[in-house]
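> this one's structure only:
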């Protein structure tokens with residue numbers, strides 16, 4: 001039995017929030033700059049969504065592992 005769409009969406013959102021917070025905390029621990037941490041966190045969300053989109057679109061053109 002698989003996840004329902006709503007559950008998958010909530011899992012994706014909570015993972016993205018968690019992953020972004022980790023990035024922000026790592027940047028803060030390294031730089032001790034709150035503004036830089038938030039800035040990189042925001043860029044992290046934007047660019048990872050953008051790169052994921054292109055990654056997904058590229059995989060749509062790869063036949064390997066698809067059912068015939």
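Perfect, thanks for sending it. As the structure is a computational prediction, the values presented were derived from the model and not from experiment.
> any low-confidence regions in the chain?
For the chain, applying pLDDT under 70 flags the ranges 1.
> which stretches of it form helices?
Taking DSSP state H as the criterion, the chain contains helices spanning 5-31, 34-59.
> just put those in CSV and tack on mean neighbour count and distance to residue 67.
Any C-beta I mention is one placed from the backbone N, CA and C, and that applies to glycine too. Converted to CSV, the helices of the chain look like this (neighbours: other Cβ atoms under 10 Å; distance: least, Cβ to Cβ, whole Å):
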stretch, mean neighbour count, distance to residue 67
helix 5-31, 12, 21
helix 34-59, 12, 14
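> tell me which of these lies nearest to residue 66.
Nearest of these to residue 66, taken as Cβ to Cβ: helix 34-59 at 9.6 Å.
> distance to residue 65 for the helices of the chain - can I get that in TSV?
TSV is the format used below for the helices of the chain (distance: least, Cβ to Cβ, whole Å):
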stretch	distance to residue 65
helix 5-31	20
helix 34-59	9
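> looking at those, which is closest to residue 68?
Nearest of the helices of the chain (Cβ to Cβ): helix 34-59, 16.9 Å.
> tilt between that closest one and helix 5-31?
Relative orientation of helix 34-59 versus helix 5-31 (axes from the mean of the first three to the mean of the last three Cα atoms, to 10 degrees): 130 degrees.
> tell me which strands and helices helix 34-59 is in contact with?
Using 3 or more Cβ pairs under 8 Å, 6 or more residues apart in numbering; DSSP states H and E, the elements in contact with helix 34-59 are helix 5-31.
> measure the nearest residue to residue 3 once chain neighbours are set aside to residue 48 for me?
Leaving aside its sequence neighbours, residue 3 sits nearest to residue 11 (Cβ to Cβ, 6 or more residues apart in numbering; 7.2 Å). Taking Cβ to Cβ, to the nearest Å as the measure, residue 11 falls 16 Å from residue 48.
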